[in-house]
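*Asks:* Take a look and give me a structure for this.
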Amino acid sequence: MKKYANTLTKTTLISALFLLFNCTSDSDEINQSTDSQIKSYKLMYMESPYYTNDLIYIDYIDNKPKKRTSDYSIVSGTTSTILVKQYEDISYNGNVINVVSKSLMDNTEITGTKEKITMNGSNIQQKIYYKTDFTRTSNYFYSGNKLNKIVSTQEGLYPGYLNYQKDFYYNTSNNLDSIVTKYSEYNTSTNQYELNLNTKKREVEYFYDYDNSTNTTKLLTIFDDVFNRTLSKNCFKKYRKNMYDENGNQNGFSTKHWEYIYVNDLIDYSK
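*Replies:* Residues are numbered from 1 along each chain as shown. Below is the predicted model:
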């Protein structure tokens, strides 16, 4: 039996916008083919704000994601609102990937959902999110083949708002150990949002209790909710995020843990 736990105390939710799957297959049970194509996964296993059993479905072309379909609800208080059924249409042009969300009802584009992703081989080099009132650009920096930093900036409405830098750290087993994130803050002297890398105010995410199974999420690196899982050799089962204030004192934390179902020694994220 599969269990999932999520614990949240003393909330400091400033990183909601930047979201970001593991599996294999056999014809009878796990819905993934021999080349590690994950055909579906539950939201609760990924970095989604919706910790539900609702499924995301992936279609492929030439071993690359071509379409991602979602059909789930948002629960706010005691009210559940069903979202418009939608899908992400993914197209490729050389080293550039374009992603746009469309309605399943009439295939019309949903405003403010475009993404442009520039690749360098199998690594993301840059992501540009075209929202309704602003554009956000995230640049990815590597040491060898390992991601070590993401720098994200915003233009348009509230320029500089929630600019951030993420620094990535790994353990000796080539698995992601932690991510340290610092966000821009409003400077009343300059009337601008500024990113101060010397501040003690930060979020630290820890990834641990790795299994020994092969990580089969690599084909899904372009999706924010899956992205952090793609960075490791194996699959983490526990997660913790600590929040620290300007003085470096911890002022909140959240945790998650998962117990997976394995098929042929690989995780089935659809179950």
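
*Asks:* Pull the contacting residues for the nearest residue to Lys237 once chain neighbours are set aside.
*Replies:* Using Cβ to Cβ, 6 or more residues apart in numbering and skipping residues adjacent in sequence, the residue nearest Lys237 is Asp209, 4.4 Å away. To be clear about C-beta, it is placed using only N, CA and C from the backbone, and glycine gets the same treatment. Counting by Cβ atoms under 8 Å, 6 or more residues apart in numbering, Asp209 makes contact with 236-238, 257.

*Asks:* Next: Leu231.
*Replies:* Shown in contact with Leu231 (Cβ under 8 Å, 6+ apart): 146-147, 168, 170, 176.

*Asks:* hmm, back to that, would CSV of the contacts of Asp209 with neighbour count be doable?
*Replies:* Output for those, formatted as CSV (neighbours: other Cβ atoms under 10 Å):
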residue, neighbour count
Phe236, 22
Lys237, 16
Lys238, 14
His257, 16
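
*Asks:* which of those residues lies closest to Tyr164?
*Replies:* Nearest to Tyr164 among these is Phe236, at 21.9 Å by Cβ to Cβ.

*Asks:* Closest one of the contacts of Leu231 to Asn63?
*Replies:* Closest to Asn63, out of all of these and judged by Cβ to Cβ, is Leu147, at 21.7 Å.

*Asks:* need the contact list for that closest one.
*Replies:* 123, 140-141, 168, 231.

*Asks:* per-residue confidence at the residue nearest to Lys237?
*Replies:* In the predicted model, Asp209 carries a pLDDT score of 98.

*Asks:* how close does it sit to Asp225?
*Replies:* 20 Å (Cβ to Cβ, to the nearest Å).

*Asks:* got it, and Tyr208?
*Replies:* According to Cβ to Cβ, Tyr208 and Asp225 sit 20 Å apart.

*Asks:* Looking at those two, which has the bigger crowd around it?
*Replies:* Here Tyr208 and Asp225 are compared on neighbour count by other Cβ atoms under 10 Å; more neighbours surround Asp225, at 20 against 15.

*Asks:* from memory that one sits against Glu47, does it?
*Replies:* Yes - the criterion here is Cβ atoms under 8 Å, and Asp225 meets it with Glu47 at 4.7 Å.

*Asks:* Buried subset of the contacts of Leu147, written for PyMOL?
*Replies:* Those of the contacts of Leu147 that count as buried under 16 or more other Cβ atoms under 10 Å are selected in PyMOL with:
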select buried, resi 140+168+231
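
*Asks:* For the protein, which segments count as helices?
*Replies:* 224-227 (DSSP state H).

*Asks:* Show me the shaky parts of this structure.
*Replies:* 1-35, 50, 71-84 (pLDDT under 70).

*Asks:* at 50 instead, please
*Replies:* 1-35, 73-82 (pLDDT under 50).

*Asks:* Now Lys42. Nearest residue, chain neighbours left out?
*Replies:* Asn53 (5.4 Å).

*Asks:* Let me see the contact set for that neighbour.
*Replies:* 42-44.

*Asks:* now do Glu155
*Replies:* By Cβ under 8 Å, 6+ apart, the neighbours of Glu155 are 134-137.

*Asks:* Among those, which one has the most neighbours?
*Replies:* In the contacts of Glu155, the most neighbours by other Cβ under 10 Å go to Arg136, 20 neighbours.

*Asks:* For that residue, give the beta-bridge partners.
*Replies:* Applying DSSP bridges to Arg136 yields these beta-bridge partners: Tyr129, Gln154.

*Asks:* likewise Lys238?
*Replies:* With DSSP bridges as the rule, Lys238 is bridged to Tyr208, His257.

*Asks:* same thing with Lys149?
*Replies:* Phe141, Asp167.

*Asks:* residues contacting it?
*Replies:* 140-141, 165-168.

*Asks:* want to throw those residues into TSV with distance to Asn264?
*Replies:* As requested, the contacts of Lys149 are exported to TSV (distance: Cβ to Cβ, whole Å):
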residue	distance to Asn264
Tyr140	33
Phe141	36
Gln165	40
Lys166	34
Asp167	36
Phe168	30
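
*Asks:* and Val204, what are its bridge partners?
*Replies:* Val180, Asn242.
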